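*Asks:* Fold the following and give me the result.
(4 chains)
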There are 2 protein chains.
Amino acid sequence: MNANVRVPQFAGQECDTSNWDAGNCPVRDVINQISGKWSTLLLQALAQRPYRFGELRRLVPDISQRMLTQTLRELQRDGYIDREVFPTKPPSVEYRMTDLGRSLFLPLSQVLSWAEDNHGAIKAARVRFDASA
Amino acid sequence: MNANVRVPQFAGQECDTSNWDAGNCPVRDVINQISGKWSTLLLQALAQRPYRFGELRRLVPDISQRMLTQTLRELQRDGYIDREVFPTKPPSVEYRMTDLGRSLFLPLSQVLSWAEDNHGAIKAARVRFDASA
DNA sequence: ATTTGTTGCTCTCAAAAAGAGACTAGGGCT
DNA sequence: AGCCCTAGTCTCTTTTTGAGAGCAACAAAT
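*Replies:* You can find the predicted model right below:
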């Protein structure tokens, strides 16, 4: 079962349902990285302008150094951002978005805009749900 | 420091950087939910057509029952999907997307398309990164 | 001269989240 | 009677995340 069944996908696309297990599925491979708790936030910041490590830390007050380092490494590994070390004393490190990162941020920013526009509707839905449950 | 500084945001928008801590920030409030490991995947499935619990389980082979239940509840709570119980024996439950969910899926599907289109570039970036590190 | 602060991390330990799998209930099928 | 189906919940283990200390090398303040 579940073998090579092609089902209609979002607007005019198809998707092989047998590919929905991780490893085969490109969408899952990509999304799993950028769907980290801090990834979109950092991409949003670095879409504005390059930032240094400490600046990002101050910009996102409730991220731990550990997660900031780790998330930046992952974004760098996937090619969304570049890391440049300046031999100052103490050495400073600058993170900046790559072309690939910017091309991702085009559709991604649409989702962020949607989130801003529909935040009210979502909060209302939560209130309804919590009242009925 | 960091008080009420308005910095340019993605394409023609502004964002109050003092609002980047969780709770204040609408974007983080919304994104943190849909950026769960399984959320986008389930939204993608339910954007096609309604599905029953067991169908989703078979469609996404490596999700645990626990996480399937939990993720569906969260999506339902935020108003993206509806849950309907049919009094058959054994009882069956159908999940279907709401209008709010569909309106979210419009921009979201653009990101998914991007992921599919750029999977190759990302895999290549990973290889480069792993080779240099 | 000693203390303090700055940089961008890494390391350890505790807490939270996720995954694996057993168990439930009420009926249908053999 | 025994087994399977449904959509879960409950418990236990493993993974992920968070909080915070430590580090190395130098500058500025005291």
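
*Asks:* For chain A, which segments count as helices?
*Replies:* A:26-34, A:39-48, A:53-59, A:65-77, A:99-132 (DSSP state H).

*Asks:* Looking at the ones you listed, which one is packed in the most?
*Replies:* Among those, helix A:39-48 has the highest mean neighbour count (mean count of other Cβ atoms under 10 Å in any protein chain shown), at a mean of 22. Using the backbone N, CA and C atoms, a C-beta is placed for each residue, glycine as well.

*Asks:* quick check: angle from that one to helix A:65-77?
*Replies:* With axes from the mean of the first three to the mean of the last three Cα atoms, to 10 degrees applied, the angle from helix A:39-48 to helix A:65-77 works out at 70 degrees.

*Asks:* Closest residue of chain A to DNA strand C?
*Replies:* A:G54 (2.9 Å; Cβ to the nearest atom of the strand).

*Asks:* That residue and B:T71: what is the separation?
*Replies:* Applying Cβ to Cβ, to the nearest Å, the value for A:G54 to B:T71 is 36 Å.

*Asks:* and if you look at A:L100?
*Replies:* A:L100 is 29 Å from B:T71, by Cβ to Cβ.

*Asks:* so for stretch A:74-92, what's the average pLDDT?
*Replies:* Mean pLDDT, stretch A:74-92: 94.

*Asks:* can you tell if that stretch touches DNA strand C?
*Replies:* Yes: for stretch A:74-92, a contact with DNA strand C is found by Cβ under 7 Å from any atom of the strand, at A:R83, A:P90, A:P91, A:S92.

*Asks:* buried stuff in that stretch?
*Replies:* A:E74, A:L75, A:Q76, A:R77, A:D78, A:G79, A:Y80, A:I81 (16 or more other Cβ atoms under 10 Å in any protein chain shown).

*Asks:* Surely the fourth one and B:V127 touch.
*Replies:* If I follow you right, that is A:R77. No: applying Cβ atoms under 8 Å, one finds A:R77 not in contact with B:V127, separated by 9.9 Å.

*Asks:* Which residues of chain A lie near DNA strand D?
*Replies:* A:G36, A:K37, A:W38, A:D62, A:I63, A:S64, A:Q65, A:R66, A:M67, A:Q70, A:K89, A:P90.
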